[in-house]
Structures are given as C-alpha cells and as structure tokens.
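Enquirer: Below are the sequence and a predicted model; questions follow.
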Amino acid sequence: MKRVKTYIHGLDDILQGGIPQGHIVLLAGEPGTYKSSVAFNIIYNNVKNDKHVACYITLEQGRESLIQQMSQMGMDIGTVGSNLSIVDLALIRKNLEKLGQQSWMQIFKTYACNLKDNIDYSILVIDSLPVLTILAEFQNPRVELFHFFEWLREMNITCIIISEMKMGREEYGNMGEDFLSDGIVLLKMEKVSDVNMQRRIRIVKMRATEHSSDFFTLLFGKAGFTATRVISE
C-alpha cells in the first residue's frame, strides 16, 4: 500500500510508513497544539522530498500570515515552487454578498476542482472543518457532511481536514466526521506539573494500518517534528 509520510520523526514508524494514500484524515486538536503546523509539515515535506503536488485551503487564517508562520518554523514555500499552492478562501468570507445565487459550498468545490484540473494535486489540507460547516450553513449536517466526504473521495486524493476541539474535551464527532474519516489524529495539551504543559499526539484510528493508540509527546526543534514516548516529570 502506498503511503503519505507525516514527516514526524517516530510517527511514521507507528503508522507503518505513513497515512495510506487516498485516506481522508481528521486532524483534531485544542488551540495551540500545532494543528496547522502539523498539517503544513506533512504537505510541505511531501512536496519537497517526494515530488507530490499539494494544496492548502485556509478558510480563516490569511495566506500571508500562514506563510510567515511556517517560514519561522523552517518551512519556506520558496523552496517548493508552484507544487504547493496556498488558497486563501478567507477572502471570500469578506465578500459573501457578492456570491450571487451560488452557495458557499459550490464556491468551495469550484475552487478545489479548478485547482485540481490545473495542477493535479494529490494531497489537500482543509483548514478548518468547523469554519467550513458554518459558512456552508448545513441544514442537515450529518447528511450534507456525508455527501461532502463522498465528493472528496471522488477527487482521488489524500485529504487532511483540521478540526478544532475545546480545551480539555476530546469531542470531534458532532456531525459524524469521526465515522466518515479513514483516520483520526488527535493533538492535545497535557498538564505535567503546576507550571508545565506538554503537547501530545495520538492516532485514534487509521484504517488499513496496525498502530499504537497511545499518546506520544510531540516535540518541535531544528530537526522538525518528533513523536516520542511520553515524557513525564
């Protein structure tokens, strides 16, 4: 089975080499747990090292802000050229009244499909699911989300969908996305002392993969991201 590496040292070993190609993976986490950075790390390194073509669609954070943030973490998009596209659909949010008769979901799909036709990306990041569902104004969230996931599968891509969780609450399946996803990667903050917090990562599920369901400590340094056995004080 072909796999998409996460380029998190230690995690790809846990995943038998990475995320199975074609999977839709939910990347869920609390604020400040590196959700966007982990997702960008995956596509950036797959483009840079494995010749993939990738797209990052941001619905909230501005494009320039995202580029600056990732550059500070050593991920300079200038090194990967046009094979990594960052689409700032947050701009559309400022002009919703100009969309005419098209629904916001139709606009989203049009952008995604046109870009697929133009550059044929194989990995897509959507940041984030809560914003997407709010803008799409789902009337029947479970049914409409099911059809959205089916549309993604027809795109024949590997997709990472970022989802926000409330602090201290592992809730990421309010609309059935946990069942619809092929994989769930959970990021959280763990209090390890009166003054120290620790970022942790866990593979909740990954279809077609034998993996540990334990939490691992998520570290970031000069060598990038690393998942290690939990460090306790």
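Expert: Cool, got the structure.
Enquirer: CA atoms for contacts and neighbours, from now on please.
Expert: Fine.
Enquirer: So which residues of this protein form helices?
Expert: 11-14, 35-50, 63-72, 90-93, 104-119, 129-136, 141-154, 177-180 (DSSP state H).
Enquirer: Could you give the average pLDDT over the last one?
Expert: Mean per-residue pLDDT for helix 177-180: 93.
Enquirer: Stretch 133-147 now?
Expert: On average, stretch 133-147 scores 90.
Enquirer: before we move on, back to that, which one of the helices of the chain lies nearest to V204?
Expert: helix 177-180 (9.7 Å; C-alpha to C-alpha).
Enquirer: helices or strands up against that closest one?
Expert: Other elements packing on helix 177-180 under the criterion 3 or more C-alpha pairs under 8 Å, 6 or more residues apart in numbering; DSSP states H and E are helix 141-154.
Enquirer: switch the cut-off to 10 Å
Expert: Applying 3 or more C-alpha pairs under 10 Å, 6 or more residues apart in numbering; DSSP states H and E, we find helix 177-180 packed against strand 24-29, helix 141-154.
Enquirer: Would you format the ones you listed as CSV with mean neighbour count and distance to L129 included?
Expert: What follows is these, written out as CSV (neighbours: other C-alpha atoms under 10 Å; distance: least, C-alpha to C-alpha, whole Å):
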stretch, mean neighbour count, distance to L129
strand 24-29, 26, 9
helix 141-154, 14, 10
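Enquirer: Which among the ones you listed is found nearest to K205?
Expert: strand 24-29 (9.3 Å).
Enquirer: Rank the helices and strands of the protein by mean pLDDT and give me the bottom one.
Expert: Sorting the helices and strands of the chain by mean pLDDT, DSSP states H and E puts helix 90-93 at the bottom, at a mean of 70.
Enquirer: you'd agree I19 is up against E210?
Expert: No: I19 is beyond contact range of E210, at 11.4 Å (criterion: C-alpha atoms under 10 Å).
Enquirer: Among the two, which residue is more densely surrounded?
Expert: More crowded of I19 and E210, by other C-alpha atoms under 10 Å: I19, with 25 against 11.
Enquirer: For the more buried one, give its distance to M206.
Expert: Computed as C-alpha to C-alpha, to the nearest Å, the I19 to M206 distance reads 8 Å.
Enquirer: Check the contact lists of these two and give me the overlap.
Expert: 25, 182-183 (C-alpha atoms under 10 Å, 6 or more residues apart in numbering).
Enquirer: and the residue of the chain most remote from its centre, what is it in contact with?
Expert: Of all residues in the chain, D194 has its C-alpha farthest from the mean position, at 31.0 Å, by C-alpha atoms, centre = their mean. Residues counted as contacts of D194 (C-alpha under 10 Å, 6+ apart): none.
Enquirer: Quick check, pLDDT for it.
Expert: As predicted, D194 sits at a pLDDT of 87.
Enquirer: likewise N46?
Expert: For N46, the pLDDT comes out at 98.
Enquirer: I figured it hits Y7, correct?
Expert: Yes: taking contacts as C-alpha under 10 Å, N46 lies within contact range of Y7: 8.0 Å.
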